[in-house]
Every structure is written in C-alpha cells, then in structure tokens.
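Asks: What follows is a predicted protein model with its sequence.
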Amino acid sequence: MRVLRNLILFTAIVLGSVAALECGAQTHYSSRISVGAHAGLDLSMVNFSPSVRQSMLPGANAGLNFRYTEENHFGFVVEVNWEQRGWKENFDGAPFSYSRTVDFIQIPFMSHIYFGNRHKFFINLGPSIGFRIGDAVKSNFDYEHVSSVPDFPLHTSQQYGYPTKAKVDFGISGGLGGELGINSRNSLYLEARYYFGIANLLPAGRADHFKSSNPMTLSVSLGYWFRVK
C-alpha cells in the first residue's frame, strides 16, 4: 500500500504542477491531434499478501492510441490496449512450474508532458481502467490436488484454487519515453511503463487466505504516431 500511496501522491503533484503551468501559459497555441498504434512486451507479478514466491511472467501488449497536444508541452493520451498480466511461481529449483495469465482490455487516460519539437522526450501519467477477458493456467502438476503430488515442496498453494475475482480493474500508469520524428506527420516512439492495480486479482474477503493481490506490470512498447491535424 505504500507504493500505491506514493503513486497517488506523485500523480497529484505532477498534475497539479501541470495545471499551474497551464494557467500561466500563453493562450495562443495551435493544437495537434495524432492517432497511432503500439505493441510490446509485458513483465508482470502480483503483490500478494501473504506473499507468494514468484518471478516475472512474460506477456504481450498491443493497442490503439489517441493523442491531443499543444505547443506549450502538454496534452493527453487515451489508449485501448490488450494486455497480459499474472504471475509465474518460483519453486527454487524444484521440477515444478506454474503460471497464470490473465488477459485485460485496458483503457488508460494519461496526461502527456513532452519536451522537444521534432524529437521529443515525454512523460505519461494517469489512471487506467481494465476489463478481464481471459484467464489461463500453465502447470506441469495437478495444481487442483496439490496434496497428492509427490515431493511437492513446502509452498503456499491457496492461490491455485481461487478463481480470478477482478472483472474490472483500476490502477495507475506511469511511463517515460522518447519520440523520433520521421517527418511533419509521422513519428516512432519507444516507451517504458509501470502499472499498479488497485483492485485485487483474487478474492480478498475476511474468510479468504489473501488480503491483497494487486497486479503490477512493467512494459516496453514500440509505437507509431500519425498526425491528422
């Protein structure tokens, strides 16, 4: 929860600073509207409490983008993305494997702060809402009957029997990147982004084993912008 509080505080500070700059900026500007697409790699984990031994689960992301910017270095970005999240368990060298991949349609609404003209450095930051569309498990043992698995290590196993709870997920996204202008209308960009989910991925009621199960994702995406205005 400390990470979440820090993210919310950082979001408020950045958005407040941007709003103050906007109030003091010149009112004469020419707006720009761009559309685009991106694809890349996700590395995800779940912040379980109690903890579960795990490593990063590789996945994929892809989406469509809309961007509105102004000459005074500020705008906003809206995306519709397909993203793979989940976790991969760490058995400390034992010959077992378990991973769970949860697919989401994710819609982030982010402030876009940029520096530069044709070639840019940018910061994206803002809230995000997601809708679960799939859930898949890969395992080399009978995870539904762990007690009958020979030589299964001492390991937290309550997560195997839980269905995914979060049909809708809320979180905060923050990214850093660079944009390379090809010409006046076309550009390529590379962005690294961090996402922290507020909703629990698994049930977290009083009678449940886990008190929290927040998804966390690091992603790297290569994208393309086309300026339409």
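Replies: Yes, it's here. Just so you know, these numbers come straight off a predicted model, no measurement behind them. Numbering: from 1, shown residues only.
Asks: three-state assignment of the closest residue to Phe152 other than its chain neighbours?
Replies: Leaving aside its chain neighbours, Phe152 sits nearest to Val146 (5.8 Å; criterion: Cβ to Cβ, 6 or more residues apart in numbering). (Each C-beta comes from the backbone N, C-alpha and C, glycine too.) Look at Val146: counting by DSSP: H, G, I helix; E, B strand; the rest coil, its state is helix.
Asks: go on, Tyr160?
Replies: The three-state label given to Tyr160 by three-state DSSP is helix.
Asks: if I look at it, how far off is His209?
Replies: To His209, Tyr160 is 11 Å away according to Cβ to Cβ, to the nearest Å.
Asks: low-confidence ranges in this structure?
Replies: 1-29, 71, 154 (pLDDT under 70).
Asks: check contacts around the most centrally placed residue in the chain.
Replies: Central residue of the chain (Cα atoms, centre = their mean): Tyr195, 3.4 Å from the mean position. Contact analysis of Tyr195 by Cβ atoms under 8 Å, 6 or more residues apart in numbering lists Ser128, Gly171, Ile172, Ser173, Pro215, Met216, Thr217, Ser219.
Asks: just Ala60 next, same as before
Replies: Here Ala60 is in contact with Ala39, Gly40, Leu41, Asp42, Trp82, Glu83, Gln84 (Cβ under 8 Å, 6+ apart).
Asks: who wins for most neighbours among these?
Replies: Using other Cβ atoms under 10 Å as the neighbour criterion, Glu83 leads those with 24 neighbours.
Asks: just the helices in the chain please.
Replies: Taking DSSP state H to define them, one finds helices in the chain at 2-24.
Asks: Looking at it, which residue reaches furthest from the middle?
Replies: No residue in the chain sits farther from the centre than Pro150, which is 37.1 Å out by Cα atoms, centre = their mean.
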